[in-house]
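Colleague: Below is the sequence, then the predicted model.
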Amino acid sequence: MSHGRIRKAVFPVAGLGTRFLPATKTVPKEMLPIIDRPLIQYAVDEAIEAGCDTLVFVTNRYKHAVADYFDKAYELEQKLERAGKAEQLELVRNVLPEGVRAVFVTQAEALGLGHAVLCARPIVGDEPFAVLLPDDLIWNRGAGALKQMADAAQASGASVIAVEDVPAESTGSYGIVATDTFDGRQGRIRRIVEKPAPADAPSNLAVVGRYVLSPRIFELLEAVTPGAGGEIQLTDAIAALLAEAPVYAYRFQGTRFDCGTHIGLIEATIRYALDHEKLSDPARDMMQRALGELGVRERD
Ligand code: G1P
């Protein structure tokens with residue numbers, strides 16, 4: 001596989017978000033905000049920074065909010081313009097910058113992540129592409145995780161998957177890889193297993209929700225049968241790809257927050273607040289006060 005720039009990014013956003021019920025009764029989990037931007041916006045910005053200009057959202061029939069969010073809001077823009085609110089107007093316009101297009105594909109049945117990615121095939125076609133799982137929010141001062149990976153993929157011409165070390169007891173929540181020794185940031189993957197119990201895990205190197213994949217993955221996905229959890233797993237198609245072509249595990253620079261969990265979403269909010277131009281000081285004061293009050297109560 002030879003790589004030019006990665007132009008297309010797939011966002012599987014058809015999940016039900018049951019962990020965040022009742023909020024997710026009406027608000028898709030990808031629309032939950034960190035400060036003032038929905039989770040999906042962080043993933044979209046990361047894809048655009050990496051060079052993508054075609055964003056493919058794989059949604060279900062309940063996720064109108066995601067499509068509405070990326071639609072042009074003429075009335076709102078007009079109102080902001082008339083009111084002279086240039087800064088807010090810019091924020092609204094930059095949800096989807098000029099030259100970037102959003103395409104929506106429906107996943108009729110929740111058959112798994114692999115199946116969701118396969119739904120994007122008619123739009124992606126025969127070129128390498130990115131997959132971003134918006135639950136995994138990656139914070140970095142320098143280049144975003146996908147940009148780092150796209151550069152590595154372009155240099156090697158291979159598929160690249162983001163990984164990070166997780167505690168041994170957490171392997172059951174992730175795809176886990178075994179690799180050759182790492183050369184700088186990456187190592188060739190020899191094995192990949194979806195959500196193994198700690199005793200069966202080949203390592204504690206976990207797959208994080210960023211992938212740069214060869215289009216060959218679509219053919220392999222067609223052949224995948226239901227795996228872990230009875231779902232069509234992307235991991236199983238990647239396991240098949242390993243037998244044919246190099247796939248690299250890439251230890252990105254940055255901090256990942258698992259915003260698919262309550263504590264991860266809280267942690268991300270705190271971190272972004274502490275790094276925020278205007279919120280940093282008040283957030284710090286507020287946290288100190290809150291911890292102080294708790295301390296007093298604990299001593300009572
Ligand atoms: C998916 C993948 C898993 C990966 C994880 C990263 O699992 O199947 O291999 O480690 O994303 O977030 P999910 O979290 O959707 O169950």
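Modeller: Received the coordinates, thanks.

Colleague: Which residue does the stretch 101-250 of the chain have closest to the ligand?
Modeller: At 2.6 Å from the ligand, residue 175 is the closest residue in the stretch 101-250 of the chain, using CB to the nearest ligand atom. Every residue, glycine included, has its C-beta placed from N, CA and C.

Colleague: Excluding sequence neighbours, find me the nearest residue to that residue.
Modeller: Using CB to CB, 6 or more residues apart in numbering and skipping residues adjacent in sequence, the residue nearest residue 175 is residue 207, 3.6 Å away.

Colleague: Report the strands that pair with whichever strand or helix holds the one you found, each with its relative direction.
Modeller: Per DSSP states H and E, residue 207 falls inside strand 205-213. Paired neighbours of strand 205-213 in the sheet (DSSP bridges): strand 129-132 (antiparallel), strand 159-165 (antiparallel), strand 175-179 (antiparallel).

Colleague: show me the contacts for the residue of the stretch 101-250 of the chain closest to the ligand.
Modeller: 192-195, 206-207, 234-235, 238 (CB atoms under 8 Å, 6 or more residues apart in numbering).

Colleague: if you set the cut-off to 7 Å instead, what comes out?
Modeller: With contact taken as CB atoms under 7 Å, 6 or more residues apart in numbering, residue 175 is in contact with 192, 194, 206-207, 235.

Colleague: And the helix or strand that residue 148 is a member of, what's buried?
Modeller: Per DSSP H and E: residue 148 is located in helix 145-156. When burial is assessed from 16 or more other CB atoms under 10 Å, helix 145-156 yields the following buried residues: 145-154, 156.

Colleague: confidence score at the closest residue to residue 284 other than its chain neighbours?
Modeller: Nearest residue to residue 284 in three dimensions, chain neighbours excluded: residue 274, at 6.5 Å (CB to CB, 6+ apart). On pLDDT, residue 274 comes in at 95.

Colleague: what's the answer for residue 139, then?
Modeller: Residue 139 carries a pLDDT value of 94.

Colleague: who's in contact with it?
Modeller: Residue 139 makes contact with 254-255, 257, 271, according to CB under 7 Å, 6+ apart.

Colleague: Need these in a markdown table (columns: secondary structure, neighbour count and pLDDT).
Modeller: Output for the contacts of residue 139, formatted as a markdown table (DSSP: H, G, I helix; E, B strand; the rest coil; neighbours: other CB atoms under 10 Å; pLDDT from 0 to 100):
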| residue | secondary structure | neighbour count | pLDDT |
| --- | --- | --- | --- |
| 254 | coil | 19 | 96 |
| 255 | strand | 15 | 96 |
| 257 | strand | 24 | 97 |
| 271 | helix | 16 | 95 |
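
Colleague: so how far is the helix or strand of the chain with the lowest mean pLDDT off the chain centroid?
Modeller: Scoring the helices and strands of the chain by mean pLDDT, DSSP states H and E places helix 280-299 at the bottom, with a mean of 84. Relative to the chain's own centre, helix 280-299 is displaced by 32 Å; criterion: CA atoms, centre = their mean, to the nearest Å.

Colleague: Quickly list what residue 205 is bridged to.
Modeller: Residue 205 forms beta bridges with residue 165, residue 177, as assigned by DSSP bridges.

Colleague: Which residues are in contact with it?
Modeller: For residue 205, the contacting residues are 163, 165, 176-177, 179, 249, by CB under 7 Å, 6+ apart.

Colleague: got a pLDDT number for it?
Modeller: Looking at residue 205, its pLDDT stands at 96.

Colleague: ok, is the helix holding residue 148 in contact with the ligand or not?
Modeller: No: Helix 145-156 stays clear of the ligand (CB under 6 Å from any ligand atom), getting no nearer than 12.3 Å.

Colleague: Could I have the CA atoms of that helix written out in PDB?
Modeller: Extracted in PDB, the C-alpha atoms of helix 145-156 (Å, rounded to 0.1, in the frame of the first residue of the first chain):
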ATOM      1  CA  ALA A 145      -2.500  12.000  17.500                       C
ATOM      2  CA  LEU A 146      -4.000  11.400  14.100                       C
ATOM      3  CA  LYS A 147      -1.600  13.800  12.500                       C
ATOM      4  CA  GLN A 148       1.300  12.000  14.100                       C
ATOM      5  CA  MET A 149       0.000   8.700  12.800                       C
ATOM      6  CA  ALA A 150      -0.800  10.000   9.300                       C
ATOM      7  CA  ASP A 151       2.800  11.200   9.000                       C
ATOM      8  CA  ALA A 152       4.100   7.800  10.200                       C
ATOM      9  CA  ALA A 153       1.700   6.000   7.800                       C
ATOM     10  CA  GLN A 154       2.800   8.200   4.900                       C
ATOM     11  CA  ALA A 155       6.500   7.400   5.600                       C
ATOM     12  CA  SER A 156       6.000   3.600   6.000                       C
END
